[in-house]
Every structure is written in structure tokens, then in C-alpha cells.
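>>> model the structure of this input:
(2 chains)
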Amino acid sequence: MLAALPRELLSSLRTALVTLGTYALFFARLVAGAPPALVRFGLVVQQVHNAGALSLVIIMLSGLFVGMVLGLQGFDLLERFGSEESLGTAVALGLLKELGPVVTALLFAGRAGTALASELGLMRATDQLAAMEMMAVDPVRRVVLPRFLGCVISMPLLAAVFSLIGLFGAQLIGVQLMGVDAGQFWSQMRGAVEVDDVMEGVVKSGVFGVACGLVAVYEGYHSIPTAEGVGRATTRTVVIASVLVLLLDYMLTAVML
Amino acid sequence: MPRQPSARADDCVVRVRGVHFAVNARPVFEGVDLDIRRGSVTAVMGPSGTGKTTLLRLITGQLRADAGLVEVEGHDVSRLDRAATYAMRRRMGMLFQNGALLTDLDVYENVAFPLREHTRLPERLLRHVVLSKLQAVGLRGAWRLMPAELSGGMARRVALARAIVMDPELLIYDEPFVGLDPISMGMVLRLIRRLNDALGLTSIVVSHDVREITAVADACYLISGGRVAASGAPSALSASEREDVRQFMHGLPDGPVPFHYPAPPYLEQVEEAR
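Residues are numbered from 1 along each chain as shown, chains lettered A, B, ... in the order given. Below you'll find the predicted structure:
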């Protein structure tokens, strides 16, 4: 058994490298096909609706609760140093630079990513993709690319909504409930938060959109056309996208700090 | 030696010569030869798992043969690049087993799909073409229904309308009768013959509904054991004395095709499980 270990390790490593390679090739194909796909913008808009607009409720609710928790925890912490007026700054920076993009991406992977992967998987299982091939229509161009672009466009918008609602939630708790001065709350925030901080969140959410979209369409498009295969593709989408988002978050934070 | 329908090369839309194909080292075809004559309805029959659908995939360029030649209109399919394969497919229509309708589009948009992708027809003309195809399959009234609202037979007929909307020269049917009630089956059967003759098509029908398909086919190929076991006019196949052909054509439970999948002796297997 021990003797077999290196061979199994080698085999796993090779499988991982092959998967990484096919991911890279698929991504290159998507990037190359993106400009012509944008010409048929109606298809992309439809997917922005499916991936973005339909995720709004869960994003807004989560944003509100995360903001309220930040308000409570932040107030409790800052009160110990007598600087509860800085609550707005602390919450804004936390949401814009970190929690907004990351939590939105994790929710996005769970809501829109799984929906996309299972939709594409079922399209393969029911021969819809093969039928397109037979009609001389490239399914990557017609089906996959608009969905991928829909994710890339939706994510920054959703992250912005999450952060805004989160700020409102923090204000609700900090100002309305705990009695922090509203003027201090907003003015300190305006003074401390800079354009670079906002841009950090925008860049992160854009990158996370690419990551979540790529994982979802890749897993769905390459799923085995059975009930089990589609289920596995859906699970893999959540797991891979979530881990990838956290990994990319660390890397981007390290670069942009 | 199976009898091949005689045909001149230029009279054939599809020519298959000595095709070998294997999946995971398991041979599916070991030297298949067949000709699809222009203007004919040709039935490709055979027991389940003999590779009938695989043969269609080879003809349409979805798969490449390991050896041998697959020609469509004189072009070697295995040598076509992506653009040429797509150009070839624009002259083909294919009806999938389950219809394969796009589930997010209604009946009208499903039929209009190839036109919208490949042409810039004005909406008024496109509407005329789509409705005329739906009329041909008897479903003009169902134009606003979604695929989930259609019965199996209706979905198959919508898929047929979609398959002919680009006026193809070759129409391929993959198991078009599976799961259909007798009325729907009769409708699809009649449509296959009528469309073929009215539109001047060439049709390939993969099926194992022997009685139904032989009633409308001009020629039949029976595939078994990776080869063409028999070919010719439907009446010739029905009258064949060959055991394997007789077993298939008359649905006999006993014959060269065994009922049991190969297995070790029963007792040995029971003991093994203990």
C-alpha cells in the first residue's frame, strides 16, 4: 500500500495539472470569444438578470444582517477605546475592502453559480448542447459566454449593493439603537474612506466574478450527462468557487495593501 | 456476405467504408460499409447497444472514426475543420431521441432558433417561414407553448419543424419513435415519408421499431456485432433466412443474440459472494 502511494500521488498531481490546463484553455476560449459575444448584448443582459437581479434579495438580506452585526461588534469594540464615532469608518472600510466582495462572492457562488452549473449540466444531459452543435451553433458562444459575462458584470454590482445595504444596517444599529452621533458617523466615514479603498473592492469583486463565473460554466459545461454528474458539477462549483474566492482574496489583499 | 444496395458514388449522400471505431478499447464497429442514396429513406436498425447512434455521430462529425472513411456529399468528414464541419451541418437536420428542444424558449422561438443564428431575415419573413414549418408538422396552434407543456409526440414534431427550418438536404432521425403512443408514432412516421418526398430530402432513420420503420423505408441496414449484418429492401430483410436477421426482424427471444449477459456459472457466483 505504501509503495503504491507515490504512484497515486503522482496520478492525482497529473489529474490536477490536466484539470488546471483545461480550465486555462477554457478561460482563454472565453476571453477570445468575449468581444463578439458582447455584440449580442441582449443575451448578456438576460444573463445579468438571471445571475444578478435574481440574486438581489439574498444579497440585500445578507448585507443588512452583516452590516447590523458589524454595527454591534464594532460599537462594542470601539466603545472600549472611547472612539465609537469611528464606527462608520470601521464598518465602511471593512465592507468596501473585504466583506462586501468576499461575502457577496460566496453567496453568488451558492445562488447563481449552482444555478448556472446545473442549468448547463442539464442542457448537456438533455442533448440541448448537442442539438446546437448539430444546428452549426457553437454552444460556448451562444450559451456559455453570455452566462459567463453575466456573472462578470453582476458581481461588482451585487457587491456594491451588499456594501450599501450593510452600511445602512450598521447605521441602523450604531446610530439609531446605540446612539452614536449621526453626523460623526457619516463625516468620519467620508473623511477616512478614499477612492483607492472603493477601487480595491471593485477590483476584488470583478476578479471574484470572473472566478465564480468561470468555475460555474466550466463545471456545468463539462459535467457528466447523468443525474449524478449534474449533482457533482453543482457541488464542485460551490466548493471550488468558494475556496478560490478566499485564496484570491488573500492574494489580492497582499498585492493591494 | 451482406447484400449492399447498389449505388453510384455521385448518387450517394453518405458513403461509409470500412469504418472501425472503439470506445475505451471496446470495439463498436469493425468494418462498417453503407451507402445512403439521394432521395431515399434509409432505416438503420439493430439491437440496443450496437452503435446506431454512434454511427450517426460519425456521419455528423461529432465523433471521428479510428479507421475507414465517412463521406458526406463527397467530403471526408474526418478531415473537415470546425468551420467546414459547421458548414456541412447547416445542410443537415437532426432529430434527437428526446427532441432536445431548448427549454428556455417557446415553440416558436425553438423553430426560429437556427434562422436567427444563421440568417438576417426580416421578422415578417422569419415569422412566415417558422409558421409554415409548424403548419407542416400540425403544430402552428401550439406556437406559444413552452417545451414543458408539450407531450412527447408534440415535442418530437416541434423538433422536426426545427430540423427542417433551414431546408436541409439530409435529415437524420435518432430513435424518433421512442416513448410515443401509437397515434403520435403514426404521425411522426407519416411525416418522415411525407417530408422526405415533398421537400426532396434524404433521410436516415435509426430505429428498432422494425414493423413501423420498414413500412416507410426504401432501404434498410441491420447492424450487429460491429458490422452490417444485412442490408437491402425492407421486404428482403423480412424474408431473410439468416438466423440473426430473422431473430431481429421478427423479434424472436431465442437466437444468436443471447438473452443473458455473459456471466460465470451461477453457483460459482453465489459462493463467491459468501
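
>>> residues in contact with the residue nearest to A:Val137 when sequence neighbours are not counted?
Nearest residue to A:Val137, sequence neighbours excluded (Cβ to Cβ, 6 or more residues apart in numbering or on different chains): B:Glu117, at 4.9 Å. Glycine gets a C-beta too; all of them are placed from N, C-alpha and C. Residues near B:Glu117 by Cβ atoms under 8 Å, 6 or more residues apart in numbering or on different chains: A:Met135, A:Ala136, A:Val137, A:Arg142.

>>> B:Glu117 should be in a helix, yeah?
Yes - according to DSSP: H, G, I helix; E, B strand; the rest coil, B:Glu117 belongs to a helix.

>>> so for the longest helix anywhere in chain B, what gets flagged as buried?
For chain B, the helix with the greatest residue count under DSSP state H is helix B:182-199. Residues B:Ser184, B:Met185, B:Met187, B:Val188, B:Leu189, B:Leu191, B:Ile192, B:Leu195, B:Asn196 are the ones in helix B:182-199 that count as buried (16 or more other Cβ atoms under 10 Å in any protein chain shown).

>>> what's the answer for stretch A:190-208, then?
A:Val193, A:Glu200, A:Gly201, A:Lys204, A:Ser205, A:Gly206, A:Val207, A:Phe208.

>>> chain B: which of those is nearest?
Set against chain B, the nearest of those by Cβ to the nearest Cβ is A:Phe208 (26.2 Å).

>>> do you know the pLDDT at that closest one?
A:Phe208 carries a pLDDT value of 97.

>>> apart from its neighbours in sequence, what residue is nearest residue 163?
Here I'm looking at chain A. Nearest residue to A:Ser163, sequence neighbours excluded (Cβ to Cβ, 6+ apart): A:Gly100, at 3.7 Å.

>>> my bad, chain B
B:Gly93 (3.3 Å).

>>> wait, the one you found sits on B:Asp174?
No - counting by Cβ atoms under 8 Å, B:Gly93 stays clear of B:Asp174, with 11.5 Å between them.

>>> who has more neighbours, the two?
Ranked by neighbour count (other Cβ atoms under 10 Å in any protein chain shown), B:Gly93 and B:Asp174 place B:Gly93 first, with 27 against 23.

>>> shouldn't the more buried one be within a helix?
No - secondary structure of B:Gly93 (three-state DSSP): strand, not part of a helix.

>>> look up how far A:Asp197 lies from A:Phe81.
Distance, A:Phe81 to A:Asp197, using Cβ to Cβ, to the nearest Å: 22 Å.

>>> actually B:Met166, not the one I typed
From B:Met166 to A:Asp197 the distance is 54 Å (Cβ to Cβ).

>>> quick one: list the elements packing against the lowest-mean-pLDDT helix or strand in chain A.
Lowest mean confidence among the helices and strands of chain A (mean pLDDT, DSSP states H and E): helix A:4-39, at a mean of 89. The contact analysis (3 or more Cβ pairs under 8 Å, 6 or more residues apart in numbering or on different chains; DSSP states H and E) places helix A:4-39 against helix A:41-51, helix A:145-171, helix A:195-221.

>>> who's in contact with B:Met187?
Applying Cβ under 8 Å, 6+ apart, we find B:Met187 in contact with B:Gly138, B:Gly153, B:Arg157.

>>> strands of the stretch 51-200 of chain B, start to end?
B:67-72, B:75-76, B:92-95, B:170-174 (DSSP state E, counting those that start in this stretch).

>>> dump the ones you listed into CSV; add mean pLDDT as well.
CSV is the format used below for these (pLDDT from 0 to 100):
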stretch, mean pLDDT
strand B:67-72, 92
strand B:75-76, 91
strand B:92-95, 91
strand B:170-174, 92
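
>>> so which of these is the most packed in?
strand B:92-95 (a mean of 26; mean count of other Cβ atoms under 10 Å in any protein chain shown).

>>> run me through the strand neighbours of it, direction for each.
strand B:170-174 (parallel) (DSSP bridges).

>>> kindly export the strand it pairs with (C-alpha atoms) in PDB.
The C-alpha trace of strand B:170-174 is given here as PDB (Å, rounded to 0.1, in the frame of the first residue of the first chain):
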ATOM      1  CA  LEU B 170     -30.100  15.400 -45.300                       C
ATOM      2  CA  LEU B 171     -32.400  14.700 -42.400                       C
ATOM      3  CA  ILE B 172     -31.300  12.400 -39.600                       C
ATOM      4  CA  TYR B 173     -33.700  10.800 -37.100                       C
ATOM      5  CA  ASP B 174     -32.300   9.300 -33.900                       C
END
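
>>> which residues are in contact with it?
B:13-14, B:36, B:52-53, B:56, B:59-60, B:72, B:91-97, B:163-164, B:192, B:195-196, B:201-207.

>>> so how do I select the buried members of the residues you listed in PyMOL?
Filtering the contacts of strand B:170-174 down to the buried ones (16+ other Cβ under 10 Å) takes a single PyMOL command:
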select buried, chain B and resi 13+14+36+52+53+56+59+60+72+92+93+94+95+96+97+163+164+192+195+196+201+202+203+204+205+206+207
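
>>> of the contacts of B:Glu117, which is the most crowded?
Neighbour counts for those, by other Cβ under 10 Å, peak at A:Met135, which reaches 24 neighbours.

>>> gap between the nearest residue to that residue once chain neighbours are set aside and B:Arg211?
Counting by Cβ to Cβ, 6+ apart, B:Pro114 is the residue found nearest to A:Met135 once chain neighbours are left out, at 4.7 Å. Distance of B:Pro114 to B:Arg211, given as Cβ to Cβ: 33 Å.

>>> more neighbours, the two?
A side-by-side neighbour count of B:Pro114 and B:Arg211, using other Cβ under 10 Å, places B:Pro114 first with 23 against 11.

>>> what about the helices in the stretch 51-200 of chain B?
Assigned by DSSP state H, counting those that start in this stretch, the stretch 51-200 of chain B shows helices spanning B:52-59, B:82-89, B:107-118, B:123-136, B:152-164, B:182-199.

>>> A:Met178 reaches A:Gln73, doesn't it?
No - using Cβ under 8 Å, A:Met178 makes no contact with A:Gln73, being 11.5 Å away.

>>> which stretch of helix or strand covers B:Ser240?
Assigned by DSSP states H and E, B:Ser240 belongs to no helix or strand.

>>> so it is in contact with B:Ala233, correct?
No - the criterion here is Cβ under 8 Å, and B:Ser240 misses it with B:Ala233 at 10.9 Å.

>>> and those two? Which one has more around it.
The residue with more neighbours, out of B:Ser240 and B:Ala233, is B:Ser240; 20 against 15, by other Cβ under 10 Å.

>>> that one: what's it in contact with?
B:Ala230, B:Arg246, B:Met249.

>>> follow-up on the earlier one: what's the distance between the residue nearest to A:Met135 and B:His128?
Look at B:Pro114 and B:His128: by Cβ to Cβ, they are 15 Å apart.

>>> please apply the same query to A:Gly113.
41 Å.

>>> those two: who's more crowded?
Comparing A:Gly113 with B:His128 by neighbour count (other Cβ under 10 Å), the higher total belongs to A:Gly113, at 30 against 12.
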